[in-house]
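Chemist: This is the structure alone, sequence omitted:
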Ligand SMILES: [Zn+2]
């Protein structure tokens, strides 16, 4: 447990640790049900009948309880609809943004435990709770008999790094008005996957940061596209670790970051559409070779892009 906590703390320091990328063996994400109705819906107040209603965009009346589907596993996500009459809703205390039809997005951190709980406060004063079972995953953990590099960072480096982190955090804190979150994501580029989400090295018992995204390596200069609609919240050049860095907000607290680019083709504030060319792959910042590091976050939860796109064809 201490190990996991340390890993989270370490991972929180940097947006991504491509420098710590390790050759990763094949790793299959846990399969999860395509459509999952809440298994155990607890209505905390008596005299209501829990009935599962299908998600329907046209239905004027919402469901009686939460309905949702998605990848219900660590690093995964769900899209759902809140019960009719919902005033506020949350996942484990994290507020959910509901659109006009009560639809929302939520996601599960790599290190989340075996259950998350959706809660809705209804207009009539009732509370609806819906536990979501989260399938665990087997991460690629490599134990190496060498000391972990650089325990701390120098004052000189922090002077450079601190303003970079401020810009990254500010960009990731933006709640843009985009419905990219509701789309089926596409691969920004296709090619060899040189690093997978969640993999981690342990140095003589001391965990390094886990890999916070997926690395795609089709070659230097290869153009890539937006995996879903969004708003560009950061287009930064020459960051110390990330190099040329792009952050795109997909709405509802979900955002993508693209690292090590050779060229950025969009500007901050620009609206981008799924499939639109947004830049070129490179090796800027701390990268051992040209690749696109793509990471996805929902609020503070780090997510596996592979669970949004499905396998590369
Ligand atoms: Zn990476």
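Modeler: Yep, it's here. These numbers were taken from a predicted model, which means no experiment stands behind them. Residues are numbered from 1 along each chain as shown.

Chemist: I figured residue 285 hits residue 257, correct?
Modeler: No: Residue 285 is not in contact with residue 257 according to C-beta atoms under 8 Å; the separation is 11.9 Å. Just so you know, the C-beta spots here come from the backbone N, C-alpha and C atoms, and that holds for glycine as well.

Chemist: and for those two, which residues touch both?
Modeler: Each of 242, 245 lies in contact with both residue 285 and residue 257 under the rule C-beta atoms under 8 Å, 6 or more residues apart in numbering.

Chemist: Those two: which is more packed in?
Modeler: Shown here are residue 285 and residue 257; by other C-beta atoms under 10 Å, residue 257 has more neighbours (23 against 20).

Chemist: and that one, bridged to which residues?
Modeler: Bridge pairing for residue 257 (DSSP bridges) gives the partners residue 247, residue 295.

Chemist: Touching, it and residue 247? I think so.
Modeler: Yes: applying C-beta under 8 Å, one finds residue 257 in contact with residue 247, separated by 4.9 Å.

Chemist: where does the stretch 151-300 of the chain dip in pLDDT?
Modeler: When residues are selected by pLDDT under 70, those of the stretch 151-300 of the chain lie in 151.

Chemist: The residue in it positioned nearest to the ion: which element?
Modeler: In the stretch 151-300 of the chain, the residue that lies nearest the ion is residue 293 (3.4 Å; C-beta to the ion). Assigned by DSSP states H and E, residue 293 belongs to strand 292-298.

Chemist: Can you name every helix or strand that that strand contacts?
Modeler: For strand 292-298, the elements it packs on are strand 103-107, strand 214-217, strand 254-261, strand 301-303, judged by 3 or more C-beta pairs under 8 Å, 6 or more residues apart in numbering; DSSP states H and E.

Chemist: What are the contacting residues of the helix or strand following the third one?
Modeler: When you say that, I think you mean strand 254-261. Per DSSP H and E, the first helix or strand lying C-terminal to strand 254-261 is strand 263-264. Strand 263-264 is contacted from outside by 221, 235, 237, 244, 246, 278-280, 282, using C-beta under 8 Å, 6+ apart.

Chemist: all helices for the chain, in order.
Modeler: 2-13, 155-172, 306-309 (DSSP state H).

Chemist: what's in contact with the last one?
Modeler: So that's helix 306-309. With C-beta under 8 Å, 6+ apart as the test, helix 306-309 has contacts from 29, 71, 73, 75-77, 185-187, 196-197, 214, 227, 296.

Chemist: And the furthest pair within those?
Modeler: Taking C-beta to C-beta as the measure, these span a maximum distance of 20.7 Å, between 73 and 186.

Chemist: Just want to know which of these two has more residues nearby.
Modeler: residue 73 (21 against 15).
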